Structure formats: C-alpha cells, structure tokens
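Enquirer: what's the 3D shape of this:
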Amino acid sequence: MKLKPTLGTPRLLGIVWPFIAVVLFQALLGCVSLYMLSAVRGYVAGESLWSKGQKDAIYFLSLYADNRNPSAYEQYLQAISVPQGGHKLRIALDKTPPDMQAARVGILQGGNRPEDVYGLIWLYKNFRHFSYMDQAIQKWSVGDEYLDKLDSLAQEMHRLISSDRASEADVANWRAQIYAINNAVTPAAKAFSEALGEASRFILKLLVIINLAMALGLICLALLRTHKILVQCRVYAEALQREKERVQITLESIGDGVISTDVDGAITYMNPAAERLTHWLSAQAQGVPLGALFKLLDENRPDDDLRLIDHVLNGRLEGSSEHSGLIQRVDGSTVAVTLMGAPIVHAGEPSGMVLVLHDMTQERQYIANLSWQATHDALTGLANRREFEYRLELVLQNLARHQGRHALMFLDLDQFKLVNDTCGHAAGDELLRHICTLLQSGLREGDTLARLGGDEFGILLENCPAEMAEKIAEGLRHAVQSLHFAWKGRPFLNTISIGLVHIHHPPVTLEGAMRAADMACYMAKEKGRNRVQVYHEDDTEVSLRFGEMTWVQRLHVALEENRFCLYSQAIVPLGHVQEGSGHIEILLRLQDENGRMIMPDSFIPAAERYGLMSLIDRWVVENVFKVISECTAQDAGRAMEMCAINLSGTTIGDDEFLAFLHEQFEFYGVSPKQICFEITETSAIANLGSAIRFINELKALGCRFSLDDFCAGMSSFAYLKHLPVDFLKIDGSFVRDMLDDPINRAMVEVINHIGHVMGKRTIAEFVESSHIEQALTEIGVDYAQGYAVERPHELTCESVWFRPKRPSPLAVKLPGALR
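Expert: The predicted structure follows:
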C-alpha cells in the first residue's frame, strides 16, 4: 500500500527566491542601463566638443588667413586637435584587434573625461553596428574627411605664410576653400549630433520599457507566489483538520482511557473509554480538576494516595511513567488499571499533560486463570504435579524447622488402560472424575489431592500420625473398590494400588520422598494390586527396586557415552560335526564411571524391567555390524566366522526393529548368512506369534536362529515344533553338573535327542572341563561353549576371522545373554 506523503514545513527561501531573483535582475538591468546612458552621455559630450573644435578650427584658420598672426595658427591647432582625437579613437577601435591604448589617447585628446574612457570604448565595441550608432559613426566619418582637408589646407597656409610667399590671390583662395569646407562639414556635424540624440532617446525608451516589463513581471510573480502560498496554507489547514479528526476518531476508538488536562490539572478532554472507566461524561468533566474524577490507590495500602499521581496532576512528571494500581471512583467502586502519564511540552514549558488508563480487569482475570491452569489439572480440577511438589517442598522445609508427622501417598488405578482401550478416552475421563470425587471425600480438610499424570494421583497428609495415615489409605482403597462404574451398560471393577511413605525424620529431600512413594506404589502393583504398601527404608525388596531404578539413569548415560563393550566367545563343533561349522557368540559388558567392567547380570534385569533392552539391542547390532564391516574392508578375501546376537523379548515383538535390521544390513554391507540371532525360550513362548513372524522374515534373508536356555524356563516341548530355529542351546544349569548328577545328564541327553529328531543342532553351554566335553561328545551334542573351550575376550577382527584350528559358523549373541 502506497503511503500518502506528509506535507513538509514551508521554507522562507522557497517562498521569496523568485522575488530575490527578479530584484537582482532588475538591479543588474539598472546598472547596465545607467552604464549605457553614461556612455551615450560621453559620446554626446564628445560630439559637442567635436563640433565646437571643428567650428573653432575654421574660425581660427580664417583669422590666420586674414592677419597671418602665428598665435591664430596656434589656436587653430588646439581647436583641431579635439576632432582629431575623436578621429584617432574611431581609427583605433576599427582595427583588428582594436588598439585600446591609442583609443584611450584619442578619447583624452578629444576632451572627454578620464572616467568616461571605458564606457565610450565599451559602447563603441558592443554597439558599433547598432542602427543609430552606425548612422552616427558614418556622419562622424564624413565630418572627419572634411576636417582632414581643412588640416591639409592649414598646413599649406602655414608653410606659405611662414615663408612670406602668400599673395592676395592665395588668401582669397584659402578663404573660399575654408568657406566651402565649413559649408560641407556643418550638415555632417549636425547629422552626427542628431543621430546621437536619436540613439540616446531610443535607448532611454528601451530601458524604460524593459524596466516597466520587469516591474509587471514582478507583480505577476508576486501574485502567483501569493496564490500558491494561500493554496498551501489551505492545504496545510485541511491536512491539520484531517489529522485532528483522525486523532479524535483514534482516541475515541481505542480501548484505553485517555484524559488530557491543562497545566493546572483541569480536564480538557476525555475519550469514551475514559468516561466508562471514571463514570464521568466528557462534557461534565470539562474544567473539573483531575483529582475530582478518581483517586489512585496502592493495593497494598488502599487508604493512601500514591505519590506518582501527585506528580502527574501537578505537571512535575518528566518524560513518561507507568504504574499499576486501583482507581477509586466517586461512587466508591474500584477498578484495576495501568496508568501512564506524560507532560505536554510547548516551547520548553509544560502546557498540560496526558494520562492513559488501561483497564486491567480482563488481564488480571486472564493471569488468574493462567495461574490456576499452571497449578491445576484441567480434567479433574485437582492440583497438578508441579503444585503438588511445591506444597510437599514447603512441608519438607517446615519439617527441618519444626518437628511433625506427615504422610505422602502415590495412588495408581489398576487396569485403567482396559477402560480406555475398550470404551474410549471419554469413558476413562469420566471414571477419573468419579475417582477424584471419591478420593476427595475420603480426605480431611486441608489435605492435598493431586493428579500427577494419567491415572496416577498423589496425596499429602499434613500433621497426620502413621496410624491415621494408614487408616485413610485403606479407606480410600475400599472406597475405590466399592465404586460401581458402568459405561453404556458395561460395568467395570475398579481397584487402586497405594504406596505410603511416612515423613517425620529430617532431612528428607523432595526427590527422595517422591521416589520412595513411587517405589512403594510400584511394589503394591507387583504384589497383586489393590493393596496399600507402606515404605520402610530397611526393606530388602525396596532396596533391590531402588538399585534397579538407579540403573535406569546409568544405562542411559552409558548409551550416550558409548561405554558398552563387546566380547566374543567361541562355540566349537564336537567330534562328528563337519569341519568349519563353528561360530562365535558376542557377549556384552559395561564399563562403569570408574573404569571397572560390569557383567550383564548386574544391569540386564533393570534394563528389561524398565524397557531399555530395545535400545541396548540396537547398540549391539550396530556395533557388531560395524566391526564386521571394518574387518571385511581390511581383508576382503579372508573367511569370516558366523556371529550370533542375543535378542530380548521386547525386541522380538518390535516391528520397528525389523526395519532397523534391514537398514543396518544395507548400510554396513553385512551378509545375513553371517548372522545368527539367539532368543531365549521364555521370551519366544511369551511372544510366540511375534517370534515366529520375526524368525521367518529374517530366515528368508539368510539369517540363522538359536533357542537359548532351552528347558530352563517353561520347558514346553510342544512349542518347540512351532519355532523354526536352527540351534538349541542346552541350559548350562544341566551341563555344569551332568557328571555328578544323573538327572542333569539325562536332561542333556533328552534335549539333544529331541533337537536332532526335529532337525536342529544342539549347543551345550558352561563346558568348564575336558571331561564334560568328552561326555557331551559321547552323547552326540553338536557344539560346546565354555571356559574349557575358550574364555571370553574383546571383540576384534582376530575374533571374527575364521580360525582353521576349530570349525566355524559364526553366532553373535546380544545383550540378553548373561555369561
């Protein structure tokens, strides 16, 4: 959108410059006119001198002819020198280039004043061919020709008279010639004089006309400029009026109250918003002191006037200021406002002030709503986790100063997900509202009930003995169990698990109290749900759970810092197995913060319980593939072992992990035939459908599979025929004592026989002596793994490359294997 240009401030020079230009031109024209008139006057004066000199020369020459007196001749010479000077001037200026020095000499000889020299030369040079000037010079030239004749006659007379040879006849002849020259030169002199007169009169008329024309032009210009100034003044006045109307409309349209006063504080203007705020009409408030409209109060001291308003009212405010407070109107009502004030300064002196009042009612309501939303749950209206932790923190801080007994509870609805999954979230939300009402009714006044998230709640019982707290917890559990909730005719049985922590011995941290309550609630769920679990610091089970929870953070940090390590252990073929069919198993270790190596049985249970196994499995797969790719790049022609990777049950059921494996095979260029995945019997049977789909998809690529810890879990042979695995790993608990326990030996024989019947190879774990290895060979077990074969060592290319001393395929084991 193109903006309309703002009118600029008129400048004095912009108004008067045409007049200045005309005056300067007029002055220049006057100077030129005077200079020209002065030059013409010089020529007229010169013409007079020329005519007088011509007449005197004729007179004295006639007298010289009569009396032959030498003095008469001298007077003649003086008289004739004047017109001769004019003749020299004309001859000098007609030369090319003009002879200025000779011209000056001629002018002075002609009797003109020295100050007229430059004017006469300038006029002759510039106006020589001007009509009147040209005519005068022609007459002047004619007169000079006769004067030349007169001078020639005078020289002849002087020569004869001086030699005393002049006769009367000569004198008579001279008189006749003088008379003829005089008669001839007089008309020329008269014509010369008349031509100069005509020229001077013409120049005078011309200059008068030019000056009158300039005066007329100046008058017209003055009229035009005056008209333009008047138009500009009208435009400025209209623009000012438009701006005034725009400001007026703007002030009347804005939602803030605007009040202007004079320097004494009397009201001069109020917009409609100010009328609504103050309950005064603008017409009524005109001239009324500002203090009569309202009183500004400090909310902390409502009876005191605020100093700020005094400064604004008295015009002592410098710059602008802002203050939030209450204004009390004449009817006693108050309203929260933000006040801004600024003086109106004119010529450095305050001439009034402007106050802007912004109604803060909606903003304060909005802030109150935001504050409530920041501390409360939108669905139930209960305090949220942030507010709950804040109140608990206050209780713990007060406990450090004043001894007391308090209780903290975590509550978790049992099987709440079933309601959401079967009836939708609307049913779940309605159940939560019912539960909240029920829980609130079972608490004392002043107790805090909060929704911590999802179906989790927190309760803070302040100043509550242990017996009463446990009684309240049991009452809440019974109340929830007794709730009859139905959604669209479908009833649901509701129970709740409660973790209870007694708080009475400082120091207790917020994090410690929350963790203890969460752990107690978790244990209540593990023990069968619908129960109250009281937290005790010396509880062994609690200590174990705390240890697992600590491992969660440590495992996250270990993954971020890449502190997991890969080891390998050989799985060698026994006796009858074909040469080259052995493989290696990849084992997982963790290097702790102090550099110590931690075995997997210390952290795998926590990783499985808290859902970290999928992340660890991905780390192992990616790093094993990376080692294989690096080794292949080092020696592409060298044969490699088959590696087996142990996968957890959660990973087997993860469709995204399948996509991840496809990406890793393609990215590192690893052949699926080099990889064998190990899954435990328990995880395979627990996720039988997912396990079968997972195995079939990867076997289609060329991967192999081992069933780990067979018969250590469910010991269900019926499931074995549904799992298309390539290897059965006989659990080490049977192998370790098979020489001393005939039942264990029988179990090894049975598992080996069933595996062979189903076309699967068998692997015995924990082969720790040559005697066990010999017994396994006799039984017909295919492979052996254990300290008697090879101790685990760090995974390197030497581990991956085929070693002729023992047969191969290569099996890789993932972190689930605890070796």
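
Enquirer: do you know how far V781 is from L728?
Expert: Distance of V781 to L728, computed by C-beta to C-beta, to the nearest Å: 10 Å. Every residue, glycine included, has its C-beta placed from N, CA and C.

Enquirer: Quick check: neighbours shared by the two?
Expert: Listed contacts common to V781 and L728 are T762, I763; contacts here mean C-beta atoms under 8 Å, 6 or more residues apart in numbering.

Enquirer: Just give the nearest non-adjacent residue to V356, would you?
Expert: Residue nearest to V356 in three dimensions, not counting chain neighbours: M340, with 4.5 Å by C-beta to C-beta, 6 or more residues apart in numbering.

Enquirer: So the one you found belongs to a helix, correct?
Expert: No: read with DSSP: H, G, I helix; E, B strand; the rest coil, M340 is strand and lies in no helix.

Enquirer: So what sits opposite it in the bridge?
Expert: In this entry, M340 is beta-bridged to E322, V356, by DSSP bridges.

Enquirer: pretty sure it contacts I259?
Expert: No: here M340 does not reach I259: they are 11.1 Å apart, not a contact under C-beta atoms under 8 Å.

Enquirer: the more surrounded of the two?
Expert: Remark: of M340 and I259, I259 carries more neighbours, 26 against 16, as counted by other C-beta atoms under 10 Å.

Enquirer: The more buried one and P272, how far apart?
Expert: For I259, the distance to P272 equals 12 Å [C-beta to C-beta].

Enquirer: Find residues that contact each of M340 and I259.
Expert: L355.

Enquirer: all helices for the stretch 501-650 of the chain, in order.
Expert: Assigned by DSSP state H, counting those that start in this stretch, the stretch 501-650 of the chain shows helices spanning 510-526, 540-561, 604-609, 613-634, 649-652.

Enquirer: in the fourth one, what counts as buried?
Expert: Applying a neighbour-count criterion of 16 or more other C-beta atoms under 10 Å, the buried positions in helix 613-634 are 613-614, 616-621, 623-625, 627-628, 631-632.

Enquirer: What is it packed up against?
Expert: When contacts are defined as 3 or more C-beta pairs under 8 Å, 6 or more residues apart in numbering; DSSP states H and E, helix 613-634 sits against helix 540-561, strand 564-573, strand 583-591, helix 604-609, strand 642-647, helix 649-652, helix 655-668, helix 797-800.

Enquirer: That one to strand 642-647, inter-axis angle?
Expert: 160 degrees (axes from the mean of the first three to the mean of the last three C-alpha atoms, to 10 degrees).

Enquirer: shift numbering so it begins at 825
Expert: That works, and once the first residue is 825, the last one we named lands at helix 1437-1458.

Enquirer: Show residues contacting helix 1437-1458.
Expert: Helix 1437-1458 is touched from outside by 1379, 1383, 1388, 1390, 1410, 1412, 1428, 1431, 1464, 1467, 1469, 1471-1475, 1478, 1481, 1484-1485, 1488-1489, 1491-1494, 1498, 1619-1621, 1624-1625, 1636, 1638-1640, with contacts defined as C-beta under 8 Å, 6+ apart.

Enquirer: distance between that helix and the chain's centre?
Expert: Centroid separation between helix 1437-1458 and its chain, computed with C-alpha atoms, centre = their mean, to the nearest Å, is 43 Å.

Enquirer: again with the first one
Expert: Centroid separation for helix 1334-1350 versus its chain: 46 Å, with C-alpha atoms, centre = their mean.

Enquirer: how about the CA coordinates for it, as PDB?
Expert: Only the C-alpha atoms of helix 1334-1350 are listed here, as PDB (Å, rounded to 0.1, in the frame of the first residue of the first chain):
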ATOM      1  CA  LEU A1334      11.700 -33.900  47.700                       C
ATOM      2  CA  GLU A1335      13.300 -36.300  45.200                       C
ATOM      3  CA  GLY A1336      13.800 -38.900  47.800                       C
ATOM      4  CA  ALA A1337      10.300 -38.700  49.200                       C
ATOM      5  CA  MET A1338       8.700 -38.900  45.700                       C
ATOM      6  CA  ARG A1339      11.000 -41.800  44.700                       C
ATOM      7  CA  ALA A1340      10.100 -43.700  47.800                       C
ATOM      8  CA  ALA A1341       6.300 -43.200  47.300                       C
ATOM      9  CA  ASP A1342       6.600 -44.200  43.700                       C
ATOM     10  CA  MET A1343       8.600 -47.300  44.600                       C
ATOM     11  CA  ALA A1344       6.100 -48.300  47.300                       C
ATOM     12  CA  CYS A1345       3.200 -47.900  44.700                       C
ATOM     13  CA  TYR A1346       5.200 -50.000  42.200                       C
ATOM     14  CA  MET A1347       5.700 -52.800  44.800                       C
ATOM     15  CA  ALA A1348       2.000 -52.700  45.600                       C
ATOM     16  CA  LYS A1349       1.200 -53.400  42.000                       C
ATOM     17  CA  GLU A1350       3.800 -56.100  41.700                       C
END
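
Enquirer: Pull the residues that contact that helix.
Expert: By C-beta under 8 Å, 6+ apart, the residues outside helix 1334-1350 that reach it are 1213, 1216-1217, 1220, 1232-1236, 1238, 1282, 1321-1325, 1327, 1355-1359, 1365-1366, 1369-1370, 1373.

Enquirer: Save the helices and strands packed on helix 1437-1458 as JSON lines, and put in mean pLDDT too.
Expert: JSON lines is the format used below for these (pLDDT from 0 to 100):
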{"stretch": "helix 1364-1385", "mean pLDDT": "71"}
{"stretch": "strand 1388-1397", "mean pLDDT": "91"}
{"stretch": "strand 1407-1415", "mean pLDDT": "91"}
{"stretch": "helix 1428-1433", "mean pLDDT": "79"}
{"stretch": "strand 1466-1471", "mean pLDDT": "91"}
{"stretch": "helix 1473-1476", "mean pLDDT": "84"}
{"stretch": "helix 1479-1492", "mean pLDDT": "92"}
{"stretch": "helix 1621-1624", "mean pLDDT": "84"}
